Every structure is written in C-alpha cells, then in structure tokens.
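> Coordinates for the following, if possible.
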Amino acid sequence: MKLLFSIIIDGIETNVSENTTILVAAKNIGIKIPTLCNLKLEEYFLNNHATCRMCVVEVDKREGLYPACSTICWEGMNIVTNSSQIIQIRKNILELLISNHPKDCLTCSKSGECELQKLTQEFRLKDIRFEGEKNKFKSEYSESIIRDPEKCVMCRRCETMCNKVQTCGVLSAVNRGFHSVVSTAYGDNLEDTVCTFCGQCVSVCPVGALHERDYSWEVMEALANPIKKVIVQVAPAVRVALGEEFGMSVGLNVEGKIAAALKKMGFDGVFDTSWAADLTIMEEATELKERIEGFVRGEKNIKLPILTSCCPAWINFIEHNFPDLRDIPSTSKSPQQMFSAVAKNIWAPKIGLARENLVVVSIMPCLAKKYEASRIEFSKEGNRDTDISISTREFANMIRYFNIDFEDIREEKFDSPMGEYTGAGIIFGRTGGVLEAALRTAYEWMTGEELKDFNIFTIEKSKGLTIKNVKFGSQNLKIGIAHGLGNARKLLENVKSGKEIYHAIEIMACHDGCVGGGGQPFIHGKYDILDRRVEALNKIDAKLELRKAHENPYIKKLYKEYFEHPCSEKAKMLLHTKFLKK
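So this is what the prediction gives:
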C-alpha cells in the first residue's frame, strides 16, 4: 500500500502518494508549471532529466529553487510555483535558451508545433537581452530524418526515446557545458549508425532539432511535369489521423476526403495501400501455412516463428541487432513496396507506359518508409519502385498549398482496381493487425473451415508485448505481438534463446503500430489519441462486408491473370525480398 503525504501547493492543501513529483502533484489540482524537457507518455516513456529548469519552484522557503519535474514530494512540503521571483528566473532561463537558438522560425519545420516557440509566446518575450557566442554544429541529412543540432535545447527526450524505449542506442548527450548537444557516437551520420529511422525521436523533439526530410515539393514538381504520369497510394493509418491536422475529431475516418483532395491536386491515379496489404497477406499467410505444416511434419529445415515483415524500421532493427535471425521473417515485401512493384511492372506496361515515366508516390504514417523506398533492392536500373514517400504531416501541408478546404470537400472514392480492400488490409494500421489478418486467411486455408468468429484472433491492447495461444483447428499456435523496439528486443531474445517456441510473431516499431508512426500528427504526450485511432480502424474493419484478404476480388483477379498462385515463381520474383546483415 502506498503512503500518502499531505502537502501545500500555492496555498492549496492536497494529498499525494509516495514517489509523486511536484509537477504531477500540481497538475492534479489544476496548477500549471511550464516545462520544456519533461515529457511523460503514460507508463511507456518518462523524460525527466531536469535539464531545461523551466519548471523551478520554491520549496519550504529554502534558498535555491527545485525542478518540479524531478523533485519527489515529502510530508508537509510547502511549495510556491508562481512568485514574481520565480517568474523572473524562468524568463531569464528562457532568454538564455533563445539566445543560443537560431531565429529561423518562419522557415523552421516545427513552426506552429514548437514548444520553445509556445513558451516564448506565453511569456510575451519581445527582446532578448543576452547576446554572445552561439553553438555551431553541422546539419545532417539522411533519407528519412534531418538533424539540426544548433536547435537542440538539450531536453534529451530523443535520447530517452532512442535508448530506453526503442533500445537502439543511437543518440546520446555529448560534450560539456555550453558545447553540450545530443548527437551520435563520434558525430556519425544517422545512416552510418544502427538507427532504424522509426522517427520516434522526431515525435518527441520539442523543437526543430529533429524533423523528417520533406519531399512534398518533389511531389509538386512531378505533378507539374507533363511527361510523367503520377499515381499515389495511401496507407491505412493515414485516414484516421489526417483530420487532426485540420481541427477535426480525433480518429475520424477521412478516407473519402483524402481521395477527393488527391484528385483535386491532379494525381493520375489515387489508390489505397490497403489493397496491397491484402496482397501481402496472400503471400505471408501462404508462408505461415507452409512453415507450420512443415513443422508439424517434422521437417528439419523449417524456421519458426515466422515474423511479419511490413515495418521497415523493425526490419532495419533485426538486420542490425539480430542478423542470425534474418532467415525467420517472412520474405514478403511490405504493402508499400508490393503496391509499387505491381504498379511499375504490371499496371504500367498494361496501359502502355514505361516504368521510368510512372511516378509512384506513397503517403505513409512512417518516416522509415522514406528509407525503405531508397533501398537498392527496391529499384530497377536506378529507377525506384516507390519514387517518393511523404508523411501524413507533409500531405497535410500539401493540402494547404493547394488551398483545399479539407473539412468541406466533397468525398470521393479511391480508384480501382488498386483501391479496393478488405477489413484485413485496414487493420494493418494498428499493432497486431498484420498477424491477425494473416491468421484469418491461414485459418481457412489450413482447416478448410469458414472463419465466422473474428474475435478469436483479436489482439487486445497491451503495454507493448502480448503472448497469446490461439486454437487453429487441431493445432495450438503460440503467437507474440510487440510494439516498440524495446519490446521487440525482449521478444527476439526469447526466440534466440529457444526458451519459448512461437509459431508466429508480429513486430511494429512504433507505439500502437502505424497509428503512432513517426510521420503522424504530433500527439504531444496525449496517448489516448492513439487509442482512438486504433478504435477507428477497428470500426472500419467491423463494418466491411469482406474482412479476409483472400476474399478481395481484385486480388483474386491479379493471381488468375498474372501470379497464378501465392508464392509462385512470378510472385517470388516481384513480391518478395531478402534481408541484409548490417
């Protein structure tokens, strides 16, 4: 049983449990204390390095001020949060931070979302009294993420996310005093580290020190090129998050508005990645079926568990950290890359178009998709399958460029045939969805029975790691689902040790899967937003008449006309890939 302490904050008496910080205690009774470095995302993430000092308060009239974010309450504590002295000190701290910060707010990628900018507005700062030397650091550009260290305020949120939550160990505070900054080991470029490009560091950065590489203007140039035919695919998770960028309800399905906006922009084809997700399931479910049946027969060369491989950040993670397990993931390409492979190699020739004159754009909730599109194995003679990948946030900016009234635009449908999907394709956007979709199809193929109760494969929301046993006809399957790379590491270490035998595993790099991707609208610590996005995807799935990938009539037609059957030689050539040791 936790002890209760009686404390006073700004003259208000309240009770708090042990290990409660002053910041949390104040928030619980409606007292706001400004912060910059502190960030708590439920039980998954806590950054309280107390580096910014914006939250300093007076305690028991003692000399010196205490950081509210890291000071634990004790019995009888008397706290003052907003005296004139404290406010003046916070103003001084803010001025010092700004004095060493670039003044390019008009062109900064975080403008409007910047927490330092917001604090400046709250304190009504007009002049900065401090002038002098500024830190000089070189910006770094990767395919997915740009680092601008001169904007780093040493909050160390990205470091906590990278090291404690994702366990990648790429970012760390280096140097001392004035020259302190968060960087990589030896200042290496991200592409030369074990970075997975999951983008979660970008999601928690309060300023513009970390942001996605913006390709929206490359899309605009392609649309303006009369020689090129430009088509676009939209990932499942985008439709339940984009509306937030325009002040609409959290989790609102804006699929019809997305299709309408893209057609208004002038895309020659507006398609849905959920269609390719159904195609992915056809291949992955076949692999799952073949491996499990081979395992039951006692074949020695069968590798279990089979790991779903749709998340490029997670694939990068296993290539770097578990290279000896590279033979267990499904070799099926991700839906983004399957769509683009079909578009460039089947759809384009069918309409008499050379692949180099077709530009495939993807709109993704994920920054790692930019990296994935650049992988050399996903190109032919220098021409990428996916030419350009942009995030949900970049797409929102494009809508603004075109002056589209997104809230009032009349809804339209995605184009056929690569715009038709089942519920299995839609749930790719949340954790557990890929494996659940694969099990729906594999169940019917392996048992010969119709799946009527979809709830038997439902993956309940977890704190990050779920182990579940499911009945598969006469077989009992053990499955594992992890979201967040720290949880993935735990699961893979179990697999590697051989202590537990799993049949199938799904891993998503981001919290709650793609709905929490590094390219989605910022949630600023409000994790209930992700719950509502997940709920919205589940509702779409539940309302659809077709909820199994193998029921998609356009997928059936593609196999009949081109691939013959899942995992055929043609399918292996176009829809499958291999993984590298890094």
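
> Give me the number of neighbouring residues for Ala313.
For Ala313, the count of nearby residues is 29 (other Cβ atoms under 10 Å). From N, CA and C alone the C-beta is placed, and that goes for glycine too.

> That one: what's it in contact with?
The contact partners of Ala313, by Cβ atoms under 8 Å, 6 or more residues apart in numbering, come to 196-199, 366, 368, 485, 509-510.

> And the furthest pair within these?
Cys366 and Leu485 (13.4 Å; Cβ to Cβ).

> Neighbour count: the two, which is higher?
Each of Cys366 and Leu485 has its neighbours counted (other Cβ under 10 Å); Cys366 has more, 35 against 29.

> Backbone dihedrals for that one, please?
As for Cys366, its main-chain torsions (degrees, to the nearest 10) stand at phi -130, psi 140.

> And the one 4 residues further on, by the same measure?
Backbone dihedrals for Lys370, given as degrees, to the nearest 10, come out at phi -60, psi -40.

> Grab the nearest non-local neighbour of it.
Ser144 (4.3 Å; Cβ to Cβ, 6 or more residues apart in numbering).

> That neighbour: what's it in contact with?
By Cβ under 8 Å, 6+ apart, the contact set of Ser144 is 190, 197, 199, 212-213, 367-368, 370-371.

> please redo it, this time with the cut-off set to 6 Å
197, 367, 370-371 (Cβ atoms under 6 Å, 6 or more residues apart in numbering).

> quick one: which of these has the most company?
When neighbours are counted by other Cβ under 10 Å, Leu367 leads the contacts of Ser144 with 33 neighbours.

> looking at it, that residue is touching Cys201, isn't it?
No. With contact defined as Cβ atoms under 6 Å, Leu367 does not count as touching Cys201 (9.6 Å).

> Any chance of TSV for the contacts of Ser144, columns distance to Thr160, secondary structure and pLDDT?
Output for these, formatted as TSV (distance: Cβ to Cβ, whole Å; DSSP: H, G, I helix; E, B strand; the rest coil; pLDDT from 0 to 100):
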residue	distance to Thr160	secondary structure	pLDDT
Phe197	18	coil	96
Leu367	18	coil	97
Lys370	24	helix	97
Tyr371	22	helix	96
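
> Can you tell me which of the residues you listed is nearest Ala25?
Comparing those against Ala25 with Cβ to Cβ places Leu367 closest, at 36.1 Å.

> Which residue comes closest to the closest one once chain neighbours are left out?
For Leu367, ignoring the flanking residues on the chain, the nearest one in space by Cβ to Cβ, 6+ apart is Gly199 at 3.3 Å.

> Checking my notes, Ile467 in a strand, right?
Yes. According to DSSP: H, G, I helix; E, B strand; the rest coil, Ile467 belongs to a strand.

> what about dumping the CA coordinates of stretch 246-266 to CSV?
Provided in CSV are the C-alpha atoms of stretch 246-266 (Å, rounded to 0.1, in the frame of the first residue of the first chain):
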residue,chain,number,x,y,z
PHE,A,246,-7.4,20.4,-39.7
GLY,A,247,-9.1,20.5,-36.3
MET,A,248,-11.4,17.6,-36.9
SER,A,249,-12.3,14.9,-34.4
VAL,A,250,-9.5,12.5,-33.3
GLY,A,251,-9.9,9.2,-35.1
LEU,A,252,-12.3,10.5,-37.7
ASN,A,253,-12.1,8.4,-40.9
VAL,A,254,-11.4,11.0,-43.6
GLU,A,255,-10.8,8.4,-46.4
GLY,A,256,-13.3,10.0,-48.8
LYS,A,257,-11.8,13.5,-48.3
ILE,A,258,-8.3,12.1,-48.8
ALA,A,259,-9.3,10.7,-52.2
ALA,A,260,-11.1,13.9,-53.2
ALA,A,261,-8.1,16.1,-52.2
LEU,A,262,-5.6,14.0,-54.1
LYS,A,263,-7.8,14.0,-57.3
LYS,A,264,-8.1,17.8,-57.0
MET,A,265,-4.3,18.0,-56.8
GLY,A,266,-4.0,16.3,-60.2
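
> Report the distance from that stretch to the chain centre.
Relative to its chain's centre, stretch 246-266 lies at 20 Å (Cα atoms, centre = their mean, to the nearest Å).

> Can you name the next helix or strand after the top helix by length along the chain?
Across the chain, the longest stretch assigned as helix under DSSP state H is helix 273-297. Sequence order places strand 306-307 as the next helix or strand after helix 273-297, per DSSP states H and E.

> tell me what that next one is packed against?
In terms of contacts (3 or more Cβ pairs under 6 Å, 6 or more residues apart in numbering; DSSP states H and E), strand 306-307 is packed against helix 273-297.

> Can you give the distance of the helix it packs on from its chain's centre?
Taking Cα atoms, centre = their mean, one finds the center of helix 273-297 at 24 Å from the center of the full chain.

> Appreciated, that's everything.
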